[in-house]
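Trainee: no FASTA, just this:
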């Protein structure tokens, strides 16, 4: 069994400020973890993924996330928000190896204030 | 080249009609999915096929019937459409448990 909890359905930050989107997971097996971004009227696009290699994962557009097993967290950060970062962000978890079901979080809408 | 494509992009239809959405991926992936995204952006998996075999069938009305003619295609047929079926439907593909590649979505509006 697995689940994902994204804290905060809406997050607002000022342009240039730190972006922090929270994700906690639950998994009975070693997890793979993902962050996806969805821009308006588009499909989801992978930002970054953790697949049991380095715990600090760097993704596209300056985003990164750190896998913390002790805290069962995989929070997404970006040092300086851009207006173009405004979008919906989804955290997802799956088991590792072979085919495993992926479970998505409920999403966090990021608003960037000029 | 579009990795995962869906047709149509928009679909407006009346209650009771039957409609189909088509999906194709050119990534060589062995697994394909259908998701439903509601107006609150909640993403719910409906079906998953691995090498043309159904491996996930979530609690979805049997009015929804997926069909995978080959590994690169996964279509979704919906019978007797209802107002509550209005949503954005996304097709996706992946290789095993790795990242999923999503199509652009089909916005279905039932009137």
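Mentor: Good, I have the coordinates. Because the structure is a prediction, the values reported are computed rather than measured.
Trainee: show me the contacts for residue 104.
Mentor: I went with chain A, as the question did not name one. Taking Cβ atoms under 8 Å, 6 or more residues apart in numbering or on different chains as the criterion, residue A:104 is in contact with A:4, A:36, A:90, A:91, A:92, B:43, B:45. Where you see a C-beta, it was placed from the backbone N, CA and C, and this is true even at glycine.
Trainee: ah, no, chain B please
Mentor: Listed by Cβ under 8 Å, 6+ apart, the contact set of residue B:104 reads A:42, A:43, B:5, B:6, B:9.
Trainee: OK, contacts around the last one?
Mentor: I take that to be residue B:9. Contacts for residue B:9 were tallied using Cβ under 8 Å, 6+ apart; they are B:104, B:105, B:106, B:107.
Trainee: closest to residue A:51 out of the contacts of residue B:104?
Mentor: residue A:43 (21.5 Å; Cβ to Cβ).
Trainee: partner strands of the helix-or-strand element of chain A with minimal mean pLDDT and their direction?
Mentor: Considering only helices and strands, the least confidently modelled element of chain A by mean pLDDT, DSSP states H and E is strand A:102-104, at a mean of 90. Taking DSSP bridges as the criterion, strand A:102-104 pairs within the sheet with strand A:87-95 (antiparallel).
Trainee: distance between the strand it pairs with and the chain's centre?
Mentor: Taking Cα atoms, centre = their mean, to the nearest Å, one finds the center of strand A:87-95 at 5 Å from the center of the full chain.
Trainee: residues from chain A in reach of chain B?
Mentor: Proximity of chain A to chain B, by Cβ under 8 Å from any Cβ of the partner chain, involves residues A:32, A:34, A:36, A:38, A:41-46, A:49, A:51, A:88, A:90, A:94-102, A:104, A:106-107, A:109.
Trainee: let's see it at 6 Å
Mentor: Applying Cβ under 6 Å from any Cβ of the partner chain, we find that chain A lies next to chain B at A:32, A:34, A:43-44, A:46, A:49, A:88, A:94, A:98-100, A:104, A:106-107.
Trainee: before we move on, the earlier item: can you redo the contacts of residue A:104 as TSV with pLDDT and distance to residue A:113?
Mentor: Formatted as TSV, those follow (pLDDT from 0 to 100; distance: Cβ to Cβ, whole Å):
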residue	pLDDT	distance to residue A:113
A:4	95	27
A:36	97	23
A:90	97	22
A:91	97	23
A:92	94	27
B:43	92	26
B:45	90	34
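Trainee: neighbour-wise, which of the residues you listed leads?
Mentor: Top of the contacts of residue A:104 by neighbour number is residue A:91, holding 28 neighbours under the definition other Cβ atoms under 10 Å in any protein chain shown.
Trainee: how about that one, what does it touch?
Mentor: Remark: with contacts taken as Cβ atoms under 6 Å, 6 or more residues apart in numbering or on different chains, residue A:91 is in contact with A:4, A:6, A:23, A:35, A:105.
Trainee: mind listing what residue A:103 touches?
Mentor: Contacts of residue A:103 were listed using Cβ under 6 Å, 6+ apart, and they are A:2, A:4, A:93.
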